[in-house]
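In: I would like to see how this sequence folds:
(2 chains)
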Amino acid sequence: MSSLSATIQDVFNEPGCGKNANKTEAERKKGCTKQLQPGGAAGGCAFDGAKIALQPFTDVAHLVHGPIACEGNSWDNRGSASSGSDLWRRSFTTDMNETDIVFGGEKRLYKAIKEVIEKYDPPAIFVYQTCVPAMIGDDINAVCKAAATKFGKPVIPVNSPGFVGPKNLGNKLAGEALLDHVIGTEEPDYTTPYDINIIGEYNLSGEFWQVKPLLDELGIRILSCISGDGKYRELAYSHRARAAMMVCSKAMINVARKMEERYGIPYFEGSFYGIQDSSDSLREIARLLIERGAPAELMDRTEAVIAREEAKAWAAIERFKPRFKDKKVLLITGGVKSWSVVAALQEAGLEIVGTSVKKSTKEDKERIKELMGQDAHMIEDMTPREMYKMLKDARADIMLSGGKSQFVALKAAMPWLDINQERSHAYMGYIGMVTLMEQIEKALYNPMWAQLRRPAPWDEAGINWQTKAMAQMDAQAAEIAADPVRAEETRRARKICHCKTVDLGTIEDAIAAHGLSTVDAVKEHTNASGGCGACKGRIEDILAAQPAPVLQAAE
Amino acid sequence: MAIVTTSKKACSVNPLKMSQPIGGSFAFMGLRGAMPLLHGSQGCTSFGLTLFVRHFKEAVPMQTTAMSEVATVLGGYENVEQAILNIYNRTKPEIIGINSTGVTETKGDDVEGFIRLIRQKHPQLEKFPLVYVATPDFKDAFQDGWEKTVARMVEVLVDPVEAGAARDAARVNVLPGCHLTPGDLDELRTIIEDFGLKPSFLPDLAGSLDGHIPDEFTPTTIGGIGVDEIATMGKAAWTIAIGAQMRRAAEAMQQKAGVPFRLFERLCGLAPNDEFIAFLSEISGRPVPAKYRRQRGQLADAMLDTHFHIGGRKLAIGAEPDLLFDLSSMLHEMGAEVAAAVTTTASPVLERIKTQEVLIGDLEDLEELAKARDCDLLITHSHGRQAASRLKIPFYRAGFPMFDRLGAGHQLSVGYRGTRGLIFDLANLVIADREANHQPTPDTWRTTDSGLQVVPPQLH
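Out: Model (predicted):
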């Protein structure tokens, strides 16, 4: 396990990560995630993260070493698309039983590898470690090494048992496995000045194929996609690419950065969600390739393609303008990648009446104000009930969000569209944006909503569960307002830093007790803003709102 | 009499089985105001949660003690304590149902001991309903987790009744196996109520996962049987257990409160429902309502209409023991041949399945057997979709999970009416497959020089 903990420390030290730079040495050691709270946690484990990141390699056999829960409860659950092999969708697990726990599971694992090779003969096997075999000391590195030697086939250990941390840590540990055991182990038949890697793209619903034709047209070759529709051999020779694009999330930033360090492959972080982002990303790919020796005329061709595609997309979106006139959208997403979506939605004539800012930085918020006006609703953190109130208060016509909040909208008989990973439509590139508009139109104008909102014949008009829920919330609010003690309690309980779970009261007390005047000082005393740093702006506002003496001390 | 064998493979390929802890959590989901809690790492919960959400298309409550590597090694007392307190304070549940996992069982956490300490330390929890069940992932399967958890609910939550105490003659306990859907439970409720009886379902998934819109947003289950009602189940005149897996809970009920039970191993098919209806008539002292006399006639007619299509079919079926026994028996009674049967865990019903051999194995085994034995109808849960597309035979989805089709919670198989719908669906599937894939061509019956047919006739 010592090598695993070393790897985890190494991953936490990721210099390419902006959020990491925000942290102290001690915090960095703790890792890049908030402490998991028993009874209040959601989301997958590190094994889940590793499997998600690597599973889209289509011709690899993914073998999970553990009891049935890890694989039996989760297999064939991702919508990545493959242009070739379907081996990745088959499920392989050692399904450890009590005897294995007592006597160790290494022999079973070795036999399992043998069976997979005999039956399916894949170009490689990825072996995933899980909690239980990690606890009983099964050494999957040794087993994989022995099997690789014996069978003459790459058998790659992915050491990411669930209990070491959450999903995003697992993404990175998966990346480390590729860097340690796969990348650079084979050579391509030939190379071109137009070879790129795409890192962190999973080809969900086949969406990357909405962009790939444009790259093909420009003569840009995807040497390896890590990992959507990926193939083992392409991954093994991916170190010969000229440039790399890291797609949106930071899931595999360690892969991008270390490939730059080891093989001199420059990368940029980009996205193909939205028209502007797609154009920017195409330009950036061309720029990096030209820097690495591709002919300069690539940029001219790229600009021509961009101009053509943009014109086509905007023309297609034009059609929706009359349909979207005066329609309001509530946008609830985790991250920044919604920006480019915002621009397109507005271009199509939709008004965005609110957006979530839980993970947004101060700069993000400024940008929201720029895009949406000063009185845009910014939603910090919401319970389902509050989310419903928001839908009502903002008088939104449709909610766009991730899958988690869908039931709030649907049960409230509000049109809703999934724009996160679980969605079944492809929204990438220029075509994808038009698809998104089509889906919004379909949801908005479905005649079903009117019927669903009708009261049941035995209900009094206007008295339904929605109004009851609203009345309850109003009553609660009134009660709190009437009671100064509770009002103060409620005010102080407002969560300021979500990563470190620090509330307003704690911060105010610290400021008062120690005469704090800077965000850093607040961080030192309360740990607030020690996580992603997005709440710095909120803390600045709190500092500014403190009584004068404290402010004077600051100057 | 079938021979039960266990697969000898080291590597399970395309598992049929799911883990025991989530079977336990599933049982807790049939309790009102419940929060199921898995004592394990957060992935243990999130995989299960995702699976339930994909199956039911509903928000599903489920929490985790979020065990880290260090906590796992040192023991999880603090995590269990914090989890219970957090859930208690934040979601105001009526009950917290805890299942252990492989991680915490490998360490050997004494959760019953933890709970005693927690109750001492936090007086507000002294009487609060906490039910704990040991369900390691590395043993048994989904159905076993449900079985143990429901039995434990009876042991902990039902008030004891003294021998000779008066019973409520109209009250009936129903202990449904995990193979019944919320739709099945609603059907059973209607049937039982039509005999003037008052059923209490433990657990009652129809109250929580039937897709109804709740009056309030709540982070716990939105319905199901209340802890207060469970406490009084000992006063019922009878317990009806459905599926062999429920014998344990029925016996616990008998032991604790002296309630006699009748176990119905099956409720799909004509004969099993005759028995069931006759029993209800007997215990209620009422004649069978006209509605069920008509439904019986309709089922008989449906059997006549569909047997042309179902009779002679070679069935490959993969399911947990009770569902396997129920469906395969019904189809055997309709003239189908149970040619390949794969299941997940041991059960007394397996050897009575009408086939040569029942294999405790995976979907790779089922696919290979179906191919080798020329099966022409596949029944299993949604994970059978890959096998079905390779085998190119009609595929009927049954059991949990069913994530790639809608309406899983309302699929019916119990009662005369449920059986009628099921055999119509199956027969239509067979007809559609014949129309799409087995139309005769001029060469279908042409023979070669040696007198053998080029293509065997495909008209059924």
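In: from now on I want contacts and neighbour counts done on CA atoms only, so please keep to that.
Out: Noted.
In: where does pLDDT dip in chain B?
Out: B:448-460 (pLDDT under 70).
In: domain ranges for it?
Out: B:20-157, B:168-291, B:293-437 (automatic domain parsing).
In: minimum distance to A:Val127: which of those domains has it?
Out: A:Val127 lies closest, by C-alpha to C-alpha, to one member of the domains of chain B: domain B:20-157, at 17.8 Å.
In: endpoint to endpoint, the closest one covers what distance?
Out: Terminal residues of domain B:20-157 are spaced 21 Å apart (C-alpha to C-alpha, to the nearest Å).
In: any residue of that domain touching chain A?
Out: Yes - using C-alpha under 8 Å from any C-alpha of the partner chain, domain B:20-157 reaches chain A at B:20, B:37, B:41-44, B:46-48, B:51, B:58-59, B:63-69, B:79-80, B:82-87, B:102-103, B:106, B:137-139.
In: figure out how far that domain is from the centre of its chain.
Out: Here domain B:20-157 is found 19 Å from its chain centre; the criterion is C-alpha atoms, centre = their mean, to the nearest Å.
In: stretch A:51-69 now?
Out: Centroid separation between stretch A:51-69 and its chain, computed with C-alpha atoms, centre = their mean, is 19 Å.
In: list the contacts of B:Ala336.
Out: Contact analysis of B:Ala336 by C-alpha atoms under 8 Å, 6 or more residues apart in numbering or on different chains lists B:310-315.
In: and the domains of chain B as TSV, adding distance to A:His525?
Out: Formatted as TSV, those follow (distance: least, C-alpha to C-alpha, whole Å):
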stretch	distance to A:His525
domain B:20-157	24
domain B:168-291	33
domain B:293-437	48
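In: pick the most buried one from those.
Out: Comparing these by mean neighbour count (mean count of other C-alpha atoms under 10 Å in any protein chain shown), domain B:20-157 ranks first with a mean of 23.
In: do you know which of the domains of chain B lies nearest A:Ile52?
Out: Short answer: domain B:20-157, nearest of these by C-alpha to C-alpha, at 12.2 Å.
In: now do the same contact list for the residue nearest to A:Lys327 when sequence neighbours are not counted.
Out: Distances taken as C-alpha to C-alpha, 6 or more residues apart in numbering or on different chains put A:Leu350 closest to A:Lys327, at 5.5 Å, once the chain neighbours are dropped. By C-alpha under 8 Å, 6+ apart, A:Leu350 lies in contact with A:321, A:324-329.
In: residues contacting stretch B:378-393, please?
Out: Defining contact as C-alpha under 8 Å, 6+ apart, one finds that stretch B:378-393 is touched by A:76, B:14, B:16, B:315-319, B:363-364, B:367, B:370-371, B:375-377, B:394-404, B:433.
In: give me the residue from chain B nearest chain A.
Out: Sorted by distance to chain A under C-alpha to the nearest C-alpha, the residues of chain B start with B:Ala83, at 3.8 Å.
In: wait, what's in contact with that residue?
Out: A:37-40, B:64-65.
In: let's have the residues you listed in CSV, adding secondary structure and distance to A:Ile431.
Out: Formatted as CSV, these follow (DSSP: H, G, I helix; E, B strand; the rest coil; distance: C-alpha to C-alpha, whole Å):
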residue, secondary structure, distance to A:Ile431
A:Gln37, coil, 41
A:Pro38, coil, 43
A:Gly39, coil, 42
A:Gly40, coil, 39
B:Thr64, strand, 41
B:Thr65, coil, 44
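In: would you list those residues in CSV and tack on distance to B:Ala300?
Out: Shown next, in CSV, are the contacts of B:Ala83 (distance: C-alpha to C-alpha, whole Å):
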residue, distance to B:Ala300
A:Gln37, 56
A:Pro38, 54
A:Gly39, 51
A:Gly40, 52
B:Thr64, 48
B:Thr65, 52
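In: got the domain ranges for chain A?
Out: A:2-181, A:195-312, A:321-446, A:483-554.
In: and of those domains, who's closest to B:Thr239?
Out: domain A:2-181 (32.1 Å).
In: quick check: mean pLDDT of that closest one?
Out: Averaging pLDDT along domain A:2-181 yields 90.
In: what residues does the stretch 151-300 of chain B have near chain A?
Out: So the stretch 151-300 of chain B meets chain A at B:213-217 (C-alpha under 8 Å from any C-alpha).
In: which of these lies closest to A:Ser517?
Out: Closest to A:Ser517, out of all of these and judged by C-alpha to C-alpha, is B:Phe217, at 40.5 Å.
In: gap between the residue in chain A positioned nearest to chain B and B:Leu327?
Out: The nearest approach of chain A to chain B comes at A:Gly39, 3.8 Å away (C-alpha to the nearest C-alpha). In this structure, A:Gly39 and B:Leu327 are 39 Å apart, going by C-alpha to C-alpha.
In: same check, this time on A:Gly105
Out: 36 Å.
In: number of residues surrounding the residue of chain A closest to chain B?
Out: 28 (other C-alpha atoms under 10 Å in any protein chain shown).
In: again, but for A:Thr506
Out: Neighbour number of A:Thr506 under other C-alpha under 10 Å is 18.
In: same check, this time on the one 5 residues further on
Out: Other residues within reach of A:Ile511 by the criterion other C-alpha under 10 Å amount to 21.
In: regarding it, which helix or strand does it belong to?
Out: helix A:504-514 (DSSP states H and E).
In: what segments of the stretch 151-300 of chain A are strands?
Out: A:155-158, A:195-201, A:221-227, A:243-247, A:267-270 (DSSP state E, counting those that start in this stretch).
In: how about those in a markdown table, adding distance to A:Gly432 and mean neighbour count?
Out: Below are the strands of the stretch 151-300 of chain A laid out as a markdown table (distance: least, C-alpha to C-alpha, whole Å; neighbours: other C-alpha atoms under 10 Å in any protein chain shown):
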| stretch | distance to A:Gly432 | mean neighbour count |
| --- | --- | --- |
| strand A:155-158 | 34 | 26 |
| strand A:195-201 | 15 | 25 |
| strand A:221-227 | 20 | 23 |
| strand A:243-247 | 16 | 26 |
| strand A:267-270 | 16 | 19 |
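In: near chain B, which residues of the stretch 151-300 of chain A are found?
Out: A:162-166.
In: now, among those, which is nearest to B:Asp305?
Out: Closest to B:Asp305, out of all of these and judged by C-alpha to C-alpha, is A:Gly162, at 52.6 Å.
In: residues in contact with that closest one?
Out: A:45-48, A:130-131, B:41-43.
In: from A:Thr192, how far off is it?
Out: The separation that A:Gly162 has from A:Thr192, given C-alpha to C-alpha, amounts to 40 Å.
In: same check on B:Val342?
Out: 52 Å.
In: do the same with B:Gly311
Out: From B:Gly311 to A:Thr192 the distance is 62 Å (C-alpha to C-alpha).
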